Every structure is written in C-alpha cells, then in structure tokens.
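Novice: need the 3D shape of this:
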Amino acid sequence: MSPILKKGVVESASQTLGDVDQHQKAHANNAQLRALGGRTQLPILRKLLSLMEGQHYSARAGQGWEFMDMAEYKPGDDVKDIDWAATARAGKPIVKRFEASANVQVMLVVDTGRSMSALAPSGESKEAVALTICQVVAWLASSRGDQVGLVSGCQGRMRHMPARSGNAHIELILRRLEEDIDLRSPSSDLETLLARVQAATYRRSLIVLVTDETHPQPTPRARELLKRLSVRHRLLIMQVADADPTQLPAGTRIVDVDAGPLPDFLLGDSQIAAEAAARADQSRTAVRQFLEIPGITRVSVSSSDQVVRTLLSALERESRVR
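Specialist: Residues are numbered from 1 along each chain as shown. This next block holds a predicted model:
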C-alpha cells in the first residue's frame with residue numbers, strides 16, 4: 001500500500017506515524033511548557049520576554065494606568081504625556097509618569113478549519129505548528145502575569161474561552177484546540193472568527209491570529225474587520241505555511257483535505273505541477289498584500305522549530321513600527 005499523507009500523518013500497511021492519543025498529547029504539551037519555562041535565561045527567550053513587556057506598554061496606553069509623578073521630558077517619552085500647565089510653570093517640558101495597575105490580555109484567535117489539518121513544509125501537520133505557536137505565546141504571557149483567552153472556530157462552529165491566568169487554563173485551551181482541528185472539521189470561516197473576537201474582546205489586547213497562508217481571504221468584510229481590530233488592539237498574524245505536494249517523494253499518495261485523493265497523473269505532469277505552484281503563489285501573494293494594513297504584523301512559519309525565532313522577529317518588527 002502506498003503511503004497516504006493527510007493531517008501530517010504518513011500511513012502505510014505496516015506502521016502509522018503521528019497518531020498520539022489525547023493523554024500523550026496533553027503530557028507532551030505540559031512537558032514543552034515546562035521545558036520552555038526552564039530555558040528563560042537563554043538570550044532569545046529573555047529578548048522575547050522583554051519584547052512582550054513592550055507589548056504591555058503598547059496595549060495598556062491610556063488604560064489600566066495610575067498616576068505616579070511628574071518628571072522632566074526625555075527623548076523617547078510620549079509627547080501625549082506632556083503636562084502643559086506644569087511645562088509653563090517650569091519653563092521646560094514636563095511629563096506625567098504612570099505605573100501599570102493591571103496586566104495585559106492576550107487573545108489567541110485560531111482558525112480550526114480542516115485546512116489546518118494539512119501538511120506543513122516540515123512534514124508536520126499545520127495543527128502541530130499552530131499548537132506550538134499557541135504554547136509559546138501563552139507561556140510568554142503567563143510568565144509576565146498576563147491573562148490568556150481563546151477565540152477559535154470554522155464554519156458553523158465557534159469557541160470562546162474568556163481570558164484567565166494560570167497554566168491549568170492554558171493547558172485547557174490547548175486541549176480544546178487539539179479536539180477542534182480535524183479532517184472532519186468544516187471549512188475555515190475567518191470573517192465570522194474575526195467578528196466574534198471583535199465582539200468578545202472588550203479590553204485592549206494583544207491579539208495573535210493563527211491561520212494558514214491562504215487566509216484570511218481578501219474580501220471587503222475581512223478588511224473592515226481587520227482594520228477595526230488593529231485600531232483598538234495590537235494584532236499579530238502568524239500564518240502556517242503549506243507543504244508543496246510536488247516536492248514529496250515519488251509514489252506518495254496525496255489526499256487533499258478538500259478535494260480528496262489527487263490522481264497520480266497530476267503529480268507526474270510537470271506542466272500541471274508548475275501551473276498549480278504558480279496559482280498557489282499568486283494566492284499567497286494576494287493574501288500577503290491584503291494584510292499590509294497599518295497596525296498589523298504578519299509572519300509565516302514553516303515548522304514548530306521556527307516558532308520561537310519567528311515570533312521574536314515578529315515582535316521586533318512590531319516594536320519598531322509602534
């Protein structure tokens with residue numbers, strides 16, 4: 001029997017790779033969170049935590065702050081904090097200084113449509129990469145004392161878990177995502193998902209949208225929702241890349257999550273393969289251009305191993321444009 005690739009699992013008559021029961025998955029999640037927490041002194045994670053602190057300042061501006069004192073203006077201070085009455089009395093710029101009275105809220109917004117069960121370039125399922133993204137973001141938020149919430153879904157099926165603190169809550173979020181992303185899931189519905197997070201998220205937050213490179217589709221409704229979210233919140237979009245089926249080993253039977261098994265002649269015809277690759281590239285390019293909206297940072301990730309460094313790059317970019 002030739003291998004079948006679906007949901008990142010290679011199946012043959014003799015063995016199955018990647019089928020892990022829920023208990024083992026939960027144990028693996030907990031172990032990864034503990035391992036990540038044990039490496040907080042590594043330079044890259046220290047920098048990530050520092051950048052997450054920068055997200056606190058961005059997301060809390062004007063909310064959750066208490067007056068601390070007055071100080072002379074220094075380069076880098078926000079000009080909106082200048083107290084003009086005090087400046088006139090002192091004859092030099094004086095700013096109000098504040099201290100944070102509440103932690104920031106981080107919302108994981110996850111596409112659970114069946115396309116997230118397909119393969120990533122690393123050979124993992126896109127679900128596995130998406131879960132790693134959520135694990136890393138949630139751990140970083142928890143390390144800063146932040147609350148983490150979830151809005152996830154696909155066509156006809158939405159889930160909302162209000163933001164809370166604690167590792168037990170994070171583990172529950174990850175378990176629910178594992179349950180929801182499946183080959184039997186309906187198609188993605190990013191417009192409804194974005195509308196749901198807009199309605200459910202009242203506090204100014206750091207929103208991390210996890211989907212793939214073909215979403216969100218470039219529609220007027222999606223653009224309007226993204227613009228509204230980016231005005232009120234900090235919005236980071238992390239797209240999981242798709243595997244290129246033309247690069248898989250010869251003899252592999254490929255099952256498209258939407259269309260079913262692909263005929264062998266489609267993979268063996270170089271012209272058809274080239275045309276398919278060109279269309280896929282056009283689709284990805286259209287989505288990338290669509291997401292060039294002020295206030296939105298977008299990155300693509302191809303494997304679980306890339307998640308931490310890709311997140312670091314995204315936060316650095318976001319901090320430069322803030």
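Novice: show me the shaky parts of the stretch 51-200 of the chain.
Specialist: 51-68, 98-103 (pLDDT under 70).
Novice: tell me where the stretch 151-300 of the chain has helices.
Specialist: Along the stretch 151-300 of the chain, counting by DSSP state H, counting those that start in this stretch, helices occupy 167-180, 190-200, 220-232, 264-268, 270-290.
Novice: identify whichever of those helices lies nearest to Glu127.
Specialist: Set against Glu127 and scored by Cβ to Cβ, the helices of the stretch 151-300 of the chain come closest in helix 167-180, at 7.6 Å. C-beta coordinates here come from the backbone N, C-alpha and C atoms, glycine included.
Novice: which helices and strands sit right next to the closest one?
Specialist: helix 22-38, helix 126-143, strand 147-154, strand 157-164 (3 or more Cβ pairs under 8 Å, 6 or more residues apart in numbering; DSSP states H and E).
Novice: what residues are up against Leu209?
Specialist: Neighbour list for Leu209: 109-111, 194, 235-238 [criterion: Cβ atoms under 8 Å, 6 or more residues apart in numbering].
Novice: can you redo the helices of the stretch 151-300 of the chain as TSV with mean neighbour count?
Specialist: Shown next, in TSV, are the helices of the stretch 151-300 of the chain (neighbours: other Cβ atoms under 10 Å):
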stretch	mean neighbour count
helix 167-180	18
helix 190-200	19
helix 220-232	16
helix 264-268	13
helix 270-290	13
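Novice: looking at the ones you listed, which is closest to Ile94?
Specialist: Nearest of those to Ile94, taken as Cβ to Cβ: helix 220-232 at 29.7 Å.
Novice: what sits up against the closest one?
Specialist: So helix 220-232 is in contact with 190-191, 194-195, 197-198, 204, 207, 216, 235, 290-291, 293-296, going by Cβ under 8 Å, 6+ apart.
Novice: quick check, nearest of those residues to Val136?
Specialist: Ile207 (15.6 Å).
Novice: count the neighbours of the closest one for me.
Specialist: Ile207: 26 surrounding residues under other Cβ atoms under 10 Å.
Novice: identify the residues contacting it.
Specialist: Counting by Cβ under 8 Å, 6+ apart, Ile207 touches 106-107, 109, 197, 201, 229, 233-236.
Novice: which ones among those residues are found in strands?
Specialist: 106-107, 109, 234-236 (DSSP state E).
Novice: possible to save those as CSV with neighbour count and distance to Ala90?
Specialist: Output for the ones in strands among the contacts of Ile207, formatted as CSV (neighbours: other Cβ atoms under 10 Å; distance: Cβ to Cβ, whole Å):
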residue, neighbour count, distance to Ala90
Val106, 26, 39
Met107, 27, 42
Val109, 25, 46
Arg234, 23, 34
Leu235, 26, 39
Leu236, 23, 40
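Novice: out of the residues you listed, who's nearest Gly91?
Specialist: Using Cβ to Cβ, the ones in strands among the contacts of Ile207 come closest to Gly91 at Arg234, 36.9 Å.
Novice: dig out what the nearest residue to the closest one once chain neighbours are set aside forms beta bridges with.
Specialist: Closest residue in space to Arg234, ignoring its immediate chain neighbours: Leu206 at 4.8 Å, by Cβ to Cβ, 6 or more residues apart in numbering. Per DSSP bridges, the residues bridged to Leu206 are Val106, Arg234.
Novice: shouldn't Leu206 be in contact with Leu108?
Specialist: No - applying Cβ atoms under 8 Å, one finds Leu206 not in contact with Leu108, separated by 9.9 Å.
Novice: these two: which has the busier surroundings?
Specialist: Neighbours were counted for Leu206 and for Leu108 using other Cβ under 10 Å; Leu108 has more, 27 against 24.
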